[in-house]
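Novice: Sequence first, predicted model second:
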Number of protein chains: 8
Amino acid sequence: MSTDDRRDPGFTDLGYARVDTDRAARQGVPEVVYGPGKEPAQVVGIVTTLLEANTGPVLVTRIDADAAAEVLAGVPGGAYDASARVLTWRPVTEPRGWRVAVVTAGTSDGPVADEVVAVASAIGLDVLDVRDVGVAAIHRLFAVLPEIETADVVVAVAGMEGALASVLGGLVAVPVVAVPTSTGYGAALDGLTALLAMTTSCAAGLTVVNIDGGFSAAMAAHRIVTGYERHAARRPPEAVR
Amino acid sequence: MSTDDRRDPGFTDLGYARVDTDRAARQGVPEVVYGPGKEPAQVVGIVTTLLEANTGPVLVTRIDADAAAEVLAGVPGGAYDASARVLTWRPVTEPRGWRVAVVTAGTSDGPVADEVVAVASAIGLDVLDVRDVGVAAIHRLFAVLPEIETADVVVAVAGMEGALASVLGGLVAVPVVAVPTSTGYGAALDGLTALLAMTTSCAAGLTVVNIDGGFSAAMAAHRIVTGYERHAARRPPEAVR
Amino acid sequence: MSTDDRRDPGFTDLGYARVDTDRAARQGVPEVVYGPGKEPAQVVGIVTTLLEANTGPVLVTRIDADAAAEVLAGVPGGAYDASARVLTWRPVTEPRGWRVAVVTAGTSDGPVADEVVAVASAIGLDVLDVRDVGVAAIHRLFAVLPEIETADVVVAVAGMEGALASVLGGLVAVPVVAVPTSTGYGAALDGLTALLAMTTSCAAGLTVVNIDGGFSAAMAAHRIVTGYERHAARRPPEAVR
Amino acid sequence: MSTDDRRDPGFTDLGYARVDTDRAARQGVPEVVYGPGKEPAQVVGIVTTLLEANTGPVLVTRIDADAAAEVLAGVPGGAYDASARVLTWRPVTEPRGWRVAVVTAGTSDGPVADEVVAVASAIGLDVLDVRDVGVAAIHRLFAVLPEIETADVVVAVAGMEGALASVLGGLVAVPVVAVPTSTGYGAALDGLTALLAMTTSCAAGLTVVNIDGGFSAAMAAHRIVTGYERHAARRPPEAVR
Amino acid sequence: MSTDDRRDPGFTDLGYARVDTDRAARQGVPEVVYGPGKEPAQVVGIVTTLLEANTGPVLVTRIDADAAAEVLAGVPGGAYDASARVLTWRPVTEPRGWRVAVVTAGTSDGPVADEVVAVASAIGLDVLDVRDVGVAAIHRLFAVLPEIETADVVVAVAGMEGALASVLGGLVAVPVVAVPTSTGYGAALDGLTALLAMTTSCAAGLTVVNIDGGFSAAMAAHRIVTGYERHAARRPPEAVR
Amino acid sequence: MSTDDRRDPGFTDLGYARVDTDRAARQGVPEVVYGPGKEPAQVVGIVTTLLEANTGPVLVTRIDADAAAEVLAGVPGGAYDASARVLTWRPVTEPRGWRVAVVTAGTSDGPVADEVVAVASAIGLDVLDVRDVGVAAIHRLFAVLPEIETADVVVAVAGMEGALASVLGGLVAVPVVAVPTSTGYGAALDGLTALLAMTTSCAAGLTVVNIDGGFSAAMAAHRIVTGYERHAARRPPEAVR
Amino acid sequence: MSTDDRRDPGFTDLGYARVDTDRAARQGVPEVVYGPGKEPAQVVGIVTTLLEANTGPVLVTRIDADAAAEVLAGVPGGAYDASARVLTWRPVTEPRGWRVAVVTAGTSDGPVADEVVAVASAIGLDVLDVRDVGVAAIHRLFAVLPEIETADVVVAVAGMEGALASVLGGLVAVPVVAVPTSTGYGAALDGLTALLAMTTSCAAGLTVVNIDGGFSAAMAAHRIVTGYERHAARRPPEAVR
Amino acid sequence: MSTDDRRDPGFTDLGYARVDTDRAARQGVPEVVYGPGKEPAQVVGIVTTLLEANTGPVLVTRIDADAAAEVLAGVPGGAYDASARVLTWRPVTEPRGWRVAVVTAGTSDGPVADEVVAVASAIGLDVLDVRDVGVAAIHRLFAVLPEIETADVVVAVAGMEGALASVLGGLVAVPVVAVPTSTGYGAALDGLTALLAMTTSCAAGLTVVNIDGGFSAAMAAHRIVTGYERHAARRPPEAVR
């Protein structure tokens, strides 16, 4: 089957996967591969297909070091971020002009924040990385607040009770994407408590993604930036109030 | 106490409430009053304070018809939207230039969508109102998709299993704010199932607000638009890629 | 049976109730009557017994206005606090010298705070009543923080995600008793989310009572003050470091 | 005990198991052995009994590779499907004339779909195997819909929020058996979210089996086909409308 | 807009609803209206549209008596089943030749069974109505089992622990659709326990619908019969084994 | 149909109910009617059938005063216990010689205890009724412990955290049937917390029935006494060690 | 400290444990040691103390093979049942004259049943061991029912939906102690579903113990037998009806 | 950056952590490091910073033996308590004059109690260590009650149903901090049941910390003592009643 034919339906059928080759056109970045439950050989096949069918960045998330090594052996040219558990090929190198602040409550939320950073950077967003400013010592947050306020989107990463998200939501005007993490024990319920707490936050307009959903938060930021880019494309910048 | 003095701390202390008179400066719109658990007389006091301390729109949410009537008797000039259960004074009349599509899965999700519409309209957003395009008859969604794609932000309002949010998330590029509703019975668990389903959606970058959180979704849209507005203010439009 | 005999076992058997007439000796205040599920006539019997067997304050909690009126008709001399839903006879009038700060996140948490105030006042604690300083507008909290820091015990009353408790826990040194409230809707799960969030707070040493447990928080403060009083009684003040 | 005697009660008592030797007569296929919690030696005993007492296919589900090897050593002639974790002896080779479409949302749902395929094939159903057509890229589903519509029963296999089941339920007329999978993390709650979502689907007439219940779905398809077969046997085909 | 034009998209847009006028063609029966959350006037509009756009039965489910009366005033010709809470216009009068056994565990499950009966009858299925044969007195079930075995589909309706569904699932060969009901109290958790129990039944191939989902079970039966009808249409009856 | 014929199957089919007329022979007392979800006319029919088919006591549980009055009008001779919500005809008057202690933690658990007392008394058990000896004032329990130790079965009725059941379980040797009640609020979760706590009690051999399951506890006591009675019947008393 | 002195308080203080040396006198058998969370050396100390302070059987439950071997090295004379994970010293050899039927739904429930058998046998109860008669093939149960009916207590051991307990509860007259097991997956929720189902059983008077609580069920049987023994001791056997 | 400058903001920014160097001034003891989710090298950096910036004790909690060894290699002078999983440098050696009783229900709750002891001792509290006095053998508790009553704060550590906390709460007058533990299985739900039970305790004024939250309880005791110390500092001891 020729490449042209294969692309007609907007996907490539590999048997075990139907790779969405239309994603970049539809949503701005190629399909990102969800690692768990896939054999390394399957990931190799999917990544290879995505690299061929697109020119943009290709990523695999939630993949452990052993599987990543197998995949990299099959598809050279990628880089593995062990803390973020993200594989990346062809990251965007020309910045899109928007800044995402990634703010964690504690050091232990680091790996989830690392996933936000890895994905957001790979798709062309400028990242402001702020760690360990949770409310147990809230003066740390106020010290960095002016810098956070330079961001276009704020990602609040917090486990346990997740109070940082509400506090940030009360302070900044721009979108706050809250990422509950599984940091904590007992009543933290593996992050479910933070998720529920964040969705019932007293700070108006906060939005929430899945527990440990660093990837999701980065993509939410991508959607926000894309919203502006498409708006600007539809209406000349000079028309924007 | 003089007005000047009262404003110094950024809030007005009414004893039963400390009204946030700094909110509009900080986040673009005055504090919105959460109705439940407040005596009508308290709402009157808070609204009066907000109207004096601000020039922007003042809203009360989740207030039933009887309480609304009492409040309106105490603070004339407002309007009550019975389906949305929202009271509004001084809605923004000059549009901010951004469109929010409010899309429901079913007719029964109407009141939650009405809350999104009431709040979003009052704070100056242009609303595209699309009802009853859930996945049980998905051709309805495709028929209106081109129109939805003209929006800068999409609010997906759905109860039961909430699948509409995922489908929309897979189709559009801009931010999708998912609002789980309490529509349904049994395993719908009063909206908890939709909330969990939406936070674990397979559509990347979807974000979620509280169950029946029409107000929250409108404010999330406000944050997104505010992000654009502040970004544009910081960087001259011509500098934006 | 003579009064002397009746008191021997440390309780009075009314058939439907065994009134704990030993409570004041054991724990400093007479048994407090839990209102729900009791007939007004039963409450009358229990209160009468407690008033006879003790000299201290007698209280009934969680009793609605109609039942309270019936009880007051049967046992004159009491006062009903409608917002707190508390009945009180013989409140302590000589202050014990300790201050409890009752701090709410929002106006809607008022009735729960009212219960803390009603009970704490009735048992001789000095109350500092601070309303509506939740984290959605955190500058309100900082404005009153110096006053809160004069208290010996802080009761943090908050619904929704309950973040106020964590923030207070990070700021003050003294005991913080967190009271989750049922304020909120959807993911607030009638206060369960706040309860879980508060028990997994990042602020070290916070303790938690039941949802809407204003009475419990007041009694926790009573225990703390009693601990000091008994400690001082055991060891002469001059021996305390 | 002679074979005749042993069969009288419709089961064989092995001490640790009472093997249902009447199942094939009652429900069309012999008892299928549930692997977990059984010693390999026990599985050998049960399988041997089933092979002797029946002429139809004998299967063991949810058995890992090591245990499967031990069992095969004890009962030769079987085949192990490692992905499906199914052992099979004497699969049905004459097709019954009915087609089951097994449709997954993602590649990661593969092992559950493999179990459906293994069981359905072994009991004589024709399988149409469609992978990775979840709603994040819904055009993939529409591309294969005409083929799916040739099936007599559709099994929808999906984790995370499980939206694929609702979408399929809205599109096809025949029975849709939804299988929630444990694919996903965080709010996916190990498949519980998908299970709840599927049972409260807006698509009328969808039915649901257990999380990761590939075997259950195959047997549900078997029941449907058996229903047709018995209906046809009761009423001559020419009488069917 | 002419009728022809209106039908082009397969739905009719009433503003508050997009009525699926394509449903009968796609799935065999017209869209069934979900009553809760809809104003009677809205139901009138939707039913009127459905009656015009179709020739088949039109139903409204979960509608209480007062609303039903309002709707019937607006759309004459319908009948209200108060126990089932179902409104029906133009029920199918020519039987389709298939029998559904509706079997309840207890008398208290009656209204849910009534909904199954009302819907199944209205769409042309023959109903065998068997009440109160739960396992607390299992000899009742065995007395009616031969009659149940004449059905093509069995709907098992049970609350509390829902054991009837498993027992039936172990006895009959045809599809068993389990309907958990909210009958019971305490640990019954409003039907959630029965739902979970039924989805983890030891009887292979049982499928489950929503709590109190009588409508869902009837539609599941409709799908099963439709599967056969379409199969027979595709392949001449004489080819069916 | 003659009476003889009707009794053959061991039940009477009333259409809406299959009354178990074999229960007394099988388990010692006639079927007890569960009130909720049944029309008064249905209860009349069932009770009439039971009175005719048996000579023993006939009871209806969980029936409110209005429905009870309707039923009594249709079936004279019964008595209604309003607190227990139990209707009784023909209570056993000859004691069976066994004592059940019904012990509550608080006065508010009274109605559930009343149900135990009503049912146990009606079926011939001697009841020792002990109220309000919960662990908040544990000296009350020790005062009555010698009397409780004269019972053959102890029923522990407690809400909130249900600690009384564990304490009793640690003190007495005979069977302790724990009844969690819905007394309490917030984290009591309508009795679910007490149910879980009682099933994970540190006191060995405690058993648990449903939340507010006073009827269940009485029947559990009935089973225990029946066990003794049948044991004694099988083996002459003199043979018992 | 002399042995006499040590026994005065009814326990022996080992520092890490206060061994209840009064248990046999109070409840008929010595304290049974709960294995998890204890160091082998601690178990050795506790068992040694119990063997010295009592003459009856001493058991350790839920102890794995490695720890058991360490303990047996420290306290010779015991026996380890690997499937039941129970260690036993000095089992009762003179039968008490009562029979317990242990009935499982499936072979996979074996280890929990083994724990019932091990504990019940060790404390002098006669065990009737019936495996694998779950409702998926209910004729197996009816085949053994006459034998089960010879028992004085029935222990029903079942996982998944646990329907066997309800069916047994409906058939036999004597006490049925239901043991939910963690057999199953997905919606079985590690046994929580079976626990909830069994506590809300339609079979009157069923009682429930903890998930996988084989030890608890054996002790519940012990309590029942003890109840009779004490009753008989109080009232001469010839007085028992 | 000089040390002076670094301390200005009240924290030290290590990139992966912002160490709260102001904690001791604010709350009496330096920040305690939460071990999970941190690399040993990160813990070394944080501990080094804390040791430099403070003079008081420095602790790491919930750190396993391997990580502890790595940390100790990087920061000599600390001590590791393997059962408590706590690392300590510079414990307070001058007692503060207050006693905390740590009381466990069972031996298996030992490690959580060890954490309370390790932390409380390190911060200068006198510990009374009482093990294994749970309510299954309540005479053990009464034997040690006089000694417990000498404590200023009681920490009740219990798993399973956690009844010990309620019983203690009913007996002593001083603060009772309840620590639910994950001891138990099945319905213990990894400690969630104990947490819920303790928060809904019938003993007034009990407060609760997280599951297995030994550290939290010790810090709650610290707050209570600090409350007294600060009270005494504000008001001369001779003024305390």
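Specialist: Happy to help now that I have it. Numbering: from 1, shown residues only, chains lettered A, B, ... in the order given.
Novice: going forward, measure contacts between C-alpha atoms and count neighbours the same way
Specialist: Noted.
Novice: what number of residues lie near A:Thr12?
Specialist: 22 (other Cα atoms under 10 Å in any protein chain shown).
Novice: Tell me the strands beside the helix or strand hosting it, with direction?
Specialist: Taking DSSP states H and E as the criterion, A:Thr12 maps to strand A:11-13. Using DSSP bridges, the strands paired with strand A:11-13 in its sheet are strand A:18-20 (antiparallel).
Novice: Can you list the neighbours in contact with the strand it pairs with?
Specialist: The contact list for strand A:18-20 (Cα atoms under 8 Å, 6 or more residues apart in numbering or on different chains) reads A:10-13, A:30-31, A:46, A:49-50, D:131-133, D:137, D:140.
Novice: one more time with 6 Å, if that's ok
Specialist: Applying Cα atoms under 6 Å, 6 or more residues apart in numbering or on different chains, the contact partners of strand A:18-20 are A:Phe11, A:Thr12, D:Asp132.
Novice: same deal with stretch A:177-189?
Specialist: A:155-160, A:165, A:190-191, A:194-195, A:207-209, A:211-212, C:196, C:200, H:211.
Novice: low pLDDT regions in chain A?
Specialist: Within chain A, the stretches with pLDDT under 70 are A:1-8, A:236-241.
Novice: So which bits of it are right by chain B?
Specialist: When proximity is defined as Cα under 6 Å from any Cα of the partner chain, chain A approaches chain B at A:27, A:152, A:173-175, A:199-200, A:204-205, A:207-210, A:216, A:219-220, A:223-224, A:226-227, A:237.
Novice: Just the ones of these in strands?
Specialist: A:Thr207, A:Val208 (DSSP state E).
Novice: contacting residues around A:Pro40?
Specialist: Taking Cα under 6 Å, 6+ apart as the test, what A:Pro40 contacts is A:Ala67, A:Val71.
Novice: A:Leu87 contacts A:Leu59, correct?
Specialist: Yes - A:Leu87 is within contact range of A:Leu59, at 5.4 Å (criterion: Cα atoms under 6 Å).
Novice: which residue ranges form the strands in chain A?
Specialist: A:11-13, A:18-20, A:33-34, A:58-61, A:79-81, A:86-89, A:99-104, A:126-130, A:153-158, A:176-180, A:207-208.
Novice: can you list the ones you listed in a markdown table and add distance to C:Pro76?
Specialist: Formatted as a markdown table, the strands of chain A follow (distance: least, Cα to Cα, whole Å):
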| stretch | distance to C:Pro76 |
| --- | --- |
| strand A:11-13 | 81 |
| strand A:18-20 | 77 |
| strand A:33-34 | 70 |
| strand A:58-61 | 70 |
| strand A:79-81 | 74 |
| strand A:86-89 | 72 |
| strand A:99-104 | 57 |
| strand A:126-130 | 62 |
| strand A:153-158 | 53 |
| strand A:176-180 | 53 |
| strand A:207-208 | 53 |
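Novice: For F:Val116, find the nearest of the ones you listed.
Specialist: strand A:176-180 (46.6 Å; Cα to Cα).
Novice: That closest one: partners in the sheet, and parallel or antiparallel?
Specialist: Paired strands of strand A:176-180, defined by DSSP bridges, are strand A:153-158 (parallel), strand A:207-208 (parallel).
Novice: most packed of those?
Specialist: strand A:207-208 (a mean of 33; mean count of other Cα atoms under 10 Å in any protein chain shown).
Novice: Residue nearest the middle of chain A, spatially speaking?
Specialist: A:Ala218 (2.4 Å; Cα atoms, centre = their mean).
Novice: From A:Val100, how far off is the closest residue to A:Val176 other than its chain neighbours?
Specialist: With Cα to Cα, 6 or more residues apart in numbering or on different chains as the criterion, A:Val176 has its nearest non-adjacent residue at 4.7 Å, and that residue is A:Val154. Computed as Cα to Cα, to the nearest Å, the A:Val154 to A:Val100 distance reads 6 Å.
Novice: before we move on, what about A:Val47?
Specialist: Distance, A:Val47 to A:Val100, using Cα to Cα: 27 Å.
Novice: quick one on the thing from earlier: pull out the buried residues from the residues of chain A next to chain B.
Specialist: A:27, A:152, A:173-175, A:199-200, A:204-205, A:207-210, A:216, A:219-220, A:223-224, A:226-227, A:237 (16 or more other Cα atoms under 10 Å in any protein chain shown).
Novice: Figure out which of the strands paired with strand A:176-180 is closest to H:Gly35.
Specialist: The closest of those to H:Gly35 is strand A:153-158. By Cα to Cα, the value is 15.9 Å.
Novice: more neighbours, A:Val47 and A:Val100?
Specialist: Legend: neighbour count by other Cα under 10 Å for A:Val47 and A:Val100, higher for A:Val100 (27 against 24).
Novice: Return the residues in contact with that one.
Specialist: A:Val100 neighbours (Cα under 6 Å, 6+ apart): A:Val127, A:Ala151, A:Asp152, A:Val153, A:Val154.
Novice: what's across from it in the sheet?
Specialist: Under the criterion used (DSSP bridges), A:Val100 bridges to A:Val127, A:Val153.
Novice: can you check A:Thr104 too?
Specialist: A:Val157.
Novice: Identify the residues contacting whichever residue of chain A sits closest to chain E.
Specialist: Per Cα to the nearest Cα, A:Leu192 is where chain A lies closest to chain E, at 20.0 Å. Counting by Cα under 6 Å, 6+ apart, A:Leu192 touches no other residue.
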